[in-house]
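1. when you get a sec, could you give me coordinates for this:
(chains A and B)
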2 protein chains.
Amino acid sequence: MTDTIAPDWIAADWGTSNLRVWAMSAAGDVLAEASSDQGMGKLDRAGFEPALMDVAGKWIKGPMTVIACGMVGARQGWAEAKYDRVPCPAATNGFTPAPTKDATLNVHIIPGISQDSPADVMRGEETQIAGFLSRNPGWDGVICLPGSHTKWVHVSADEIVSFQTYMTGELFAAISDYTVLKHSVDSTGWDDAVFEAAVNETMSRPERLAANLFSLRAEGLLHNMNNEAARSRLSGLLIGTELAGAKPYWLGQQIAVIGAGNIASLYVKALGLQGAPATQVQGDSVTLAGLIAAYRRLKG
Amino acid sequence: MTDTIAPDWIAADWGTSNLRVWAMSAAGDVLAEASSDQGMGKLDRAGFEPALMDVAGKWIKGPMTVIACGMVGARQGWAEAKYDRVPCPAATNGFTPAPTKDATLNVHIIPGISQDSPADVMRGEETQIAGFLSRNPGWDGVICLPGSHTKWVHVSADEIVSFQTYMTGELFAAISDYTVLKHSVDSTGWDDAVFEAAVNETMSRPERLAANLFSLRAEGLLHNMNNEAARSRLSGLLIGTELAGAKPYWLGQQIAVIGAGNIASLYVKALGLQGAPATQVQGDSVTLAGLIAAYRRLKG
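-> Prediction:
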């Protein structure tokens, strides 16, 4: 398959579940984009170069620079990228080269960020933060990046000061799919009022989480609580517990929530209930901005 | 298969995962016992009578009374048994008959117990509590029954006043088996000091649960925390959160922990760390005592 697109470089957001690539001009314009489900979690080390060529090979007719961020740099990824340690800028030049069979393919993996105590790590979010800061120079406050592993990141004077990861999204999935609640919360519907009540209730009594979870089952058995309400309440219980834990991060701070769609708006809504206004920022666009900023640093 | 055992009645503890039966004399002596993995979760309605006959048929040569407790009385069980509603005695006479093809087989299912608000239910634990109280008449305090769904039960003046279920055991299983932590906590070892530190830490900061969970992963990546320590810490985090939530139950109360083996001793240990001495009671023996008390009421 050939293509008339002739990029100067390729940007790659390569997570656990998916791979997304953009054909880029040197000036930072997007010429084309593509994606696949060949995330890090599905690949062994030898599988990364072919997986990249599957989506981006049509754009590559000679030597090519690729800038990649995300779990592609994990220990189980293409090549283990180093971690910068906080406090540090969101974006540094410590790229890790990935081994390639094609010697004209130059793949640079962006470093992750680690924190010694409490122990914590990120891979990919640092690029979103760098992208956000490239558009909002001098921004000071707390960035929340919701997902399987939601990050709360304190940014000040162009550095990441500290951060904290909450396994909230993955807990939601494990509880919904692999506990007695799976039949109670199986729904695509949504009840905002139930979500909001659960957030507020949990903010004041976060220690009751495991009891509140079983109550979802009992409410179904005794009072016919429907699945839509149970799912909304489960989400509110988990996000409420997280907001209670992360309160030292967000209280009195300027807050930006970076993420796509529904999950990010739930965080914005939940924060609003606590009197903490937050700005929602599209995740895709800041990821790309972060990759562009990395390319500029690489080219010096 | 025939047998020389000739019981007057059969006691059955029939949970979600297993079935356990005892051949009993009218006086309450155990003549024989047997068990199988044919728990409620594996059976459809027509499967219960054959499953009972598989383990107890050898003892049945004529009309027979069977007293059963547990999830056999759930909506998906042999027959849906009613709930008594708190406040109420642990043991009442509202048995539900199960439909049988063999008309000489008389199966009586012990009622569960429900609570309107907060909504909660139990099936099986009421029989253990009744058995415990039959051996400790007039006992007043809080009974903790650890398991997939740990119960905290306030008993006073021979009645169950209120109770609360924590999904702690099932959370432990779902997190261990179905999240990013599965590789971090895969161990059969145990580290008491790590468990105890996690309990104490979580008692004072229960809202940080989801962050502490991700830290297990990060501690492994950055500081080589071993799986034995990670598993012990996961257990301590979850039990500590539960103890924080259940504190209004156990604080200043006489406490009995009913359960088998390791999990019950973890609760006793964790409570001891909070200055709350608890007595451990073997679960099997009080289950049987509760079934015997039910037989006496039936014949009574």
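
2. show me which residues of the stretch 201-300 of chain A sit near chain B.
-> By CB under 8 Å from any CB of the partner chain, the residues of the stretch 201-300 of chain A that approach chain B are A:205-211, A:213-215, A:217-219, A:221-223, A:225, A:238, A:241-242, A:244-247. For every residue, glycine as well, the C-beta is placed using N, CA and C.

3. let's see 6 Å
-> Within the stretch 201-300 of chain A, the residues that sit near chain B (CB under 6 Å from any CB of the partner chain) are A:206-208, A:210-211, A:213-215, A:218-219, A:221-222, A:241-242, A:244-245.

4. mind checking which of the residues you listed are in strands?
-> With DSSP state E as the criterion, strands contain none of these.

5. quick check, nearest of these to A:Gly189?
-> Closest to A:Gly189 out of those is A:Glu219 (16.0 Å), distances taken as CB to CB.

6. is it true that that closest one touches A:Met225?
-> Yes: contact status for A:Glu219 versus A:Met225: in contact at 3.8 Å, counting by CB atoms under 6 Å.

7. centre of the chain versus stretch A:28-41, how much separation?
-> 16 Å (CA atoms, centre = their mean, to the nearest Å).

8. the stretch 101-250 of chain A: strands as residue ranges?
-> Using DSSP state E, counting those that start in this stretch, the strands of the stretch 101-250 of chain A run over A:105-109, A:112-115, A:120-122, A:141-145, A:150-156, A:159-166.

9. are we agreed that A:Val55 is in a helix?
-> Yes: when DSSP: H, G, I helix; E, B strand; the rest coil is applied, A:Val55 is found to be in a helix.

10. A:Asp29: neighbour count?
-> 12 (other CB atoms under 10 Å in any protein chain shown).

11. oh, I was asking about A:Val86
-> A:Val86, neighbours per other CB under 10 Å, totals 18.

12. so who does the closest residue to A:Ala260 other than its chain neighbours touch?
-> Closest residue in space to A:Ala260, ignoring its immediate chain neighbours: A:Gly283 at 4.8 Å, by CB to CB, 6 or more residues apart in numbering or on different chains. Neighbouring residues of A:Gly283 by CB atoms under 6 Å, 6 or more residues apart in numbering or on different chains: A:Ile258, A:Gly259, A:Ala260.

13. which among these end up buried?
-> A:Ile258, A:Gly259 (16 or more other CB atoms under 10 Å in any protein chain shown).

14. narrow the contacts of A:Gly283 to those in strands?
-> If you go by DSSP E, the contacts of A:Gly283 have A:Ile258 in strands.

15. and the residue lying closest to A:Thr104 once chain neighbours are set aside, how many neighbours does it have?
-> Leaving aside its chain neighbours, A:Thr104 sits nearest to A:Pro63 (4.0 Å; criterion: CB to CB, 6+ apart). In terms of burial, A:Pro63 registers 10 neighbours under the definition other CB under 10 Å.

16. got it, and A:Pro277?
-> Neighbours of A:Pro277 (other CB under 10 Å): 10.

17. try the one 10 residues further on
-> Residues within reach of A:Thr287, counting by other CB under 10 Å, total 25.

18. quick check: it touching A:Trp14?
-> No: between A:Thr287 and A:Trp14 there is no contact under CB under 6 Å: 10.8 Å.

19. show me where chain A dips below the pLDDT cut-off.
-> A:1-2 (pLDDT under 70).

20. and the contacts of the top helix by length along it?
-> Longest helix in chain A by number of residues (criterion: DSSP state H): helix A:227-250. For helix A:227-250, the surrounding residues in contact (CB under 6 Å, 6+ apart) are A:142, A:152, A:166, A:168, A:171-172, A:184-187, A:189-191, A:194-195, A:198-199, A:202-203, A:206, A:209, A:212, A:216, A:270, A:276, B:207-208, B:210-211.

21. buried among those? Need that as a selection in PyMOL.
-> Provided next is the PyMOL selection string for whichever of the contacts of helix A:227-250 are buried by 16+ other CB under 10 Å:
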select buried, (chain A and resi 142+152+166+168+171+172+184+185+191+194+195+198+199+202+203+206+209+212+216+270+276) or (chain B and resi 207+208+210+211)
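
22. in helices, which of the contacts of helix A:227-250 fall?
-> A:168, A:171-172, A:194-195, A:198-199, A:202-203, A:209, A:212, A:216, A:270, B:210-211.

23. closest to B:Val161 out of these?
-> Comparing the ones in helices among the contacts of helix A:227-250 against B:Val161 with CB to CB places A:Asn212 closest, at 20.4 Å.

24. quick one, what contacts that closest one?
-> A:Leu237.

25. chain neighbours aside, what residue packs nearest to A:Val72?
-> A:Trp14 (3.6 Å).

26. wait, the one you found sits on A:Ala68?
-> Yes: contact status for A:Trp14 versus A:Ala68: in contact at 5.2 Å, counting by CB under 6 Å.

27. picking that back up, what's the farthest-apart pair in the ones in helices among the contacts of helix A:227-250?
-> Using CB to CB, the pair of the ones in helices among the contacts of helix A:227-250 lying farthest apart is A:Val194 and B:Ala211, separated by 25.0 Å.

28. on the three-state scheme, A:Ala81 is what?
-> A:Ala81 is classified as coil under three-state DSSP.

29. residue contacts, it?
-> A:Ala81 neighbours (CB under 6 Å, 6+ apart): A:Gly73, A:Thr96, A:Ile109, A:Pro111.

30. now it, nearest residue through space, not along the chain?
-> In space, A:Ala81 is closest to A:Gly73, 3.1 Å off (CB to CB, 6+ apart).

31. touching, that neighbour and A:His108? I think so.
-> No: taking CB under 6 Å as the definition, A:Gly73 is not a contact partner of A:His108, at 10.1 Å.

32. and the gap between A:Lys61 and A:Ser25?
-> 15 Å (CB to CB, to the nearest Å).

33. up against chain B, what does the stretch 1-150 of chain A have?
-> Of all the residues in the stretch 1-150 of chain A, those lying near chain B are A:Ser114, A:Pro118, A:Ala119, A:Asp120, A:Val121, A:His149, going by CB under 6 Å from any CB.

34. one more pass at 8 Å, please.
-> A:Arg75, A:Tyr83, A:Ser114, A:Gln115, A:Asp116, A:Pro118, A:Ala119, A:Asp120, A:Val121, A:Ser148, A:His149.
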